[in-house]
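A.B. asks: how would this look folded up:
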Amino acid sequence: MSTQIAAVIGSPVRHSLSPAIHNAVFAAHGDDWMYAAFEVQPEQATAAIDAMRILGIAGLSITMPHKEMVMAALDEVHPAAKLVGAVNTVVRNGNLLVGHNTDGVGCVDALSAAGADLSSVAVVGAGATARAVVAALAAHGARVTVVNRSPARLATAVAVGNSARAESTFAGVLLDVGACATIVNTTPVGMADVSGTAPDALPFDAQVLTNRHTVLDAVYHPLNTPLVQAARARGANVVDGLDMLCAQARRQQQLWLGRLPDVALMRDAALAELAKRHR
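C.D. replies: Alright, predicted model coming up:
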């Protein structure tokens, strides 16, 4: 049997830690699999799905800005991914390519592992990742408050949450986030090389944070974001973007190979890759 290929597509993907994470798991389990990163421009996102068919690629991770674009090119989309309108994982099922989304369940996994109080959660942002997180939190039983500058995207994210569980999700404003036990940032604020925001910008006022809060920042480039630094300084329980990245990648491995690998192994591989880059 020939080596199975998995990959991530996105633009940009030069900073992706996914190859290091997935290849470490493949090596640890003795799998004849390898994982690569392919830079794919937005206008070529659906063509990349066609290439997956032609080349026999076994599994695909989808990162921004392609999570919504690829859906029309797939044979099937899992109901949970269809609900949030975004796919971050493609599974080959015989001749069919099936879209899934592990962002939301990965976020819940990472928060749960950190002992976060999930009774009330504020989600800052309303994009593809945010909608997946909102749906998963709502299904988990959380009361979810969504904050976003665009009223239309905010309304969509709230509707997604309430479709996952009725009367679970509400629109809020930035001043509301401190009233929630846990706060999740899904915006790119704090991400390196993002134009239009100051390098030390915060997605909300960190002065609302106390040692009773848990904060998850989905940004992992850089790992020690301004929000992570501010949350730690305020005594909050911090879950960084690498925790969420590894948790959702663990769920991707489950979809591709039917097992949940050790998330600590995945995080160690990512940290080793980061250390190598900074030598």
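A.B. asks: which one's the longest helix in the chain?
C.D. replies: Longest helix in the chain by number of residues (criterion: DSSP state H): helix 241-257.
A.B. asks: what's the following helix or strand after that helix?
C.D. replies: Reading on from helix 241-257 to the C-terminus, the next helix or strand found by DSSP states H and E is helix 263-277.
A.B. asks: What's the local residue count around Thr3?
C.D. replies: 10 (other CB atoms under 10 Å). From N, CA and C alone the C-beta is placed, and that goes for glycine too.
A.B. asks: what bits of the stretch 151-279 of the chain have low per-residue confidence?
C.D. replies: Along the stretch 151-279 of the chain, segments meeting pLDDT under 70 span 193-197.
A.B. asks: try it again with 90
C.D. replies: Applying pLDDT under 90 to the stretch 151-279 of the chain picks out residues 188-201, 220-223, 277-279.
A.B. asks: cool, and the stretch 1-150 of the chain?
C.D. replies: Ranges of the stretch 1-150 of the chain meeting pLDDT under 90: 1-2, 14-15, 64.
A.B. asks: and the gap between the residue nearest to the spatial centre of the chain and Ala230?
C.D. replies: Computing the C-alpha centroid of the chain and ranking residues by CA atoms, centre = their mean puts Asp103 first, at 3.9 Å. Applying CB to CB, to the nearest Å, the value for Asp103 to Ala230 is 24 Å.
A.B. asks: picking up where we left off before, mind giving me the packing neighbours of the longest helix of the chain?
C.D. replies: With contacts defined as 3 or more CB pairs under 8 Å, 6 or more residues apart in numbering; DSSP states H and E, helix 241-257 has these neighbours: helix 18-29, strand 59-62, strand 89-93, helix 103-113, strand 214-217, helix 263-277.
A.B. asks: and the third one with helix 103-113, angle?
C.D. replies: By that I understand strand 89-93. Taking axes from the mean of the first three to the mean of the last three CA atoms, to 10 degrees, one finds strand 89-93 and helix 103-113 inclined to each other by 110 degrees.
A.B. asks: what lines up beside strand 89-93 in the sheet?
C.D. replies: The strands beside strand 89-93 in its sheet (DSSP bridges) come out as strand 59-62 (antiparallel), strand 96-100 (antiparallel).
A.B. asks: Which positions within it qualify as buried?
C.D. replies: Applying a neighbour-count criterion of 16 or more other CB atoms under 10 Å, the buried positions in strand 89-93 are 89-92.
A.B. asks: what does the last one give?
C.D. replies: Neighbour-count burial for helix 263-277, with 16+ other CB under 10 Å as criterion, is recorded at 263, 265-267, 269-270, 273-274.
A.B. asks: Contact partners for the nearest residue to Gly190 once chain neighbours are set aside?
C.D. replies: Leaving aside its chain neighbours, Gly190 sits nearest to Thr225 (3.9 Å; criterion: CB to CB, 6 or more residues apart in numbering). Thr225 makes contact with 190-191, 217, 219, 240-241 under the criterion CB atoms under 8 Å, 6 or more residues apart in numbering.
A.B. asks: does Cys152 belong to a helix or a strand, and which?
C.D. replies: Check again: residue 152 is Ala, not Cys. Secondary structure from DSSP H and E places Ala152 in helix 151-164.
A.B. asks: Name the residues of that helix that are buried.
C.D. replies: Residues of helix 151-164 classed as buried by neighbour count (16+ other CB under 10 Å): 153-154, 156-158, 160-162, 164.
A.B. asks: Just among the contacts of Thr225, which is most surrounded?
C.D. replies: Busiest of the contacts of Thr225 [other CB under 10 Å] is Asp217, holding 32 neighbours.
A.B. asks: bridging residues for that residue?
C.D. replies: Beta-bridge partners recorded for Asp217 (DSSP bridges): Asn185.
A.B. asks: who touches it in this structure?
C.D. replies: 185, 190, 225, 227-228, 231, 238-241.
A.B. asks: Does Arg251 touch Asp109 like I think?
C.D. replies: Yes: look at Arg251 against Asp109 with CB atoms under 8 Å: they come within range, at 7.2 Å.
A.B. asks: Three-state assignment for His221, please.
C.D. replies: What DSSP: H, G, I helix; E, B strand; the rest coil gives for His221 is coil.
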